[in-house]
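Asker: build me a model from this:
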Amino acid sequence: MIVFDASLALKWYFEEPSADAAKAALVQHGGEIVVPSVFLVEVSAALVRRANADKLHRDEMEAALEHFLTLISEQFITVRETGTEDMARAVRLALDLGHPLKDCIYLALAMKIGCELLTSDLRLAAKGQPLWPKIRVVEG
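Answerer: Residues are numbered from 1 along each chain as shown. As a prediction, this is how the structure comes out:
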């Protein structure tokens, strides 16, 4: 199993640095990817924001959203509900690291199941790696 965060998933749909590496990671780890429930909201919200901001790309973003939801419905990506104990762990991490809670939810999940966290968030990696060395940054 491996945890992916939303910063990585957005590279599947937006042409950004490391997009090719992010897409390759999706193919490589498909079926092993585990995400917290906040992942659904974060990725969907970013796609909707882009569609609303750039009406010329609305159809493209709607197709991206459909693809994203298919990855989950076909269990290419497994969503784990974030319970109260999980949230408490994430809150402690956010406070200890001085980092946003939503990012620490991913870290807490990786720590709970004892696996790697794959991200493109350099700040999360820098703050979290001393505590959880299994954070890996996707670079292209």
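Asker: can you give me phi and psi for the residue of the chain most remote from its centre?
Answerer: Relative to the centre of the chain, and counting by C-alpha atoms, centre = their mean, the farthest-placed residue is Leu56 at 26.1 Å. When quoted as degrees, to the nearest 10, the phi and psi of Leu56 stand at phi -70, psi -20.
Asker: show the end-to-end separation of stretch 108-126, please.
Answerer: Taking C-alpha to C-alpha, to the nearest Å as the measure, stretch 108-126 stretches 16 Å from start to finish.
Asker: any idea how far that stretch is from the chain center?
Answerer: Offset of stretch 108-126 from its chain centre (C-alpha atoms, centre = their mean, to the nearest Å): 9 Å.
Asker: return the set of buried residues in it.
Answerer: Using 16 or more other C-beta atoms under 10 Å as the test for burial, stretch 108-126 gives 108-112, 116-121, 124-125. C-beta: built from backbone N, CA, C; applies to glycine.
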